[in-house]
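J.: here is a sequence with its predicted model. Questions after.
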Amino acid sequence: MVTPADLIRELTLTNKHLTKKNENLRMENHNLKVTNDMLKNKAATDQAVMNAAIAIKNLETYNQALEDENQHLRQQLEHCAERKRIDDELKVFRMEVESIDEELEKRFKEMEIIEELNEQMKMLRNVDVQETSQEVNQEAAQGCIKKVAQEDAQEDFQPVTEHTQKDQNVVEDKDTGNRLL
C-alpha cells in the first residue's frame, strides 16, 4: 500500500523533476527566442541587403541614364561650339568677301576710267598723228616747193643736160601734188 509519505515523496520528486524540466524548457525557450531574434535580424539584414541591392541597381540605372544625358549634352555642347566656330569663320569670310567686293568695285571703276583714258589717248594720238602728218606734208610740200624753186633758179644757170637728169629724179607726190626729189 502506498502511504501518504510515499505519495508526498513521489510528488516531491515529480515536482523537482518537473521544476528541472520547466527550467530546461525556459532555457530552451530563451534560446529559441534568441535564435528567433537572430533569424529575424538575419532576415531583416537579408531584406535590407536585398533592398540595398535593388536601390543600388536602381541608382546604377539612374546613374547610367545621367551619364547618357551628360554625354548627349556634351555632344550638343561640342556641336554648338563647332557651329559657333563655323559662324565666326563665316563672319570673317563675309567681311573679307565684302572688302573684296568693295575692292573689286573700285578696280572696275578704275578699269572703266583707264579704258576711257585709253580711248581718249587713242583719239588724241589719232588727232596728233593727223596733225603731224599734215605738218609733215605741209613741210614736205614747202620743202619741195623751195627745192623746185631753187632748182628752177639753178636751171636757169645750168646746161640743159643736167636739167633733164634732175627731172628724172623728181617724183610727184600723189596726195599733195607736189614734186619730191
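T.: Here it is on my side, so go on. Residues are numbered from 1 along each chain as shown.
J.: okay, CA-based contacts and neighbour counts for the rest of this
T.: Fine.
J.: could you pick out the longest helix of the chain?
T.: For the chain, the longest helix by residue count, based on DSSP state H, is helix 4-155.
J.: which neighbouring elements make contact with it?
T.: When contacts are defined as 3 or more C-alpha pairs under 8 Å, 6 or more residues apart in numbering; DSSP states H and E, helix 4-155 sits against strand 179-180.
J.: what average pLDDT does the strand it packs on get?
T.: The average pLDDT for strand 179-180 rounds to 56.
J.: same question for stretch 65-80.
T.: 96.
J.: and that stretch, how far out from the chain middle?
T.: Distance of stretch 65-80 from the chain centroid (C-alpha atoms, centre = their mean, to the nearest Å) equals 22 Å.
J.: do stretch 127-143 as well
T.: The answer for stretch 127-143 is 68 Å, by C-alpha atoms, centre = their mean.
J.: list the buried residues for that stretch?
T.: In terms of neighbour count (16 or more other C-alpha atoms under 10 Å), stretch 127-143 has its buried residues at 137, 140-141, 143.
J.: may I see the residues you listed organised as TSV, with pLDDT added?
T.: TSV is the format used below for the buried residues of stretch 127-143 (pLDDT from 0 to 100):
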residue	pLDDT
137	74
140	71
141	71
143	72
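J.: what's the burial count for residue 95?
T.: By other C-alpha atoms under 10 Å, the residues close to residue 95 number 12.
J.: from residue 89, how far off is it?
T.: For residue 95, the distance to residue 89 equals 10 Å [C-alpha to C-alpha, to the nearest Å].
J.: great, nothing more from me.
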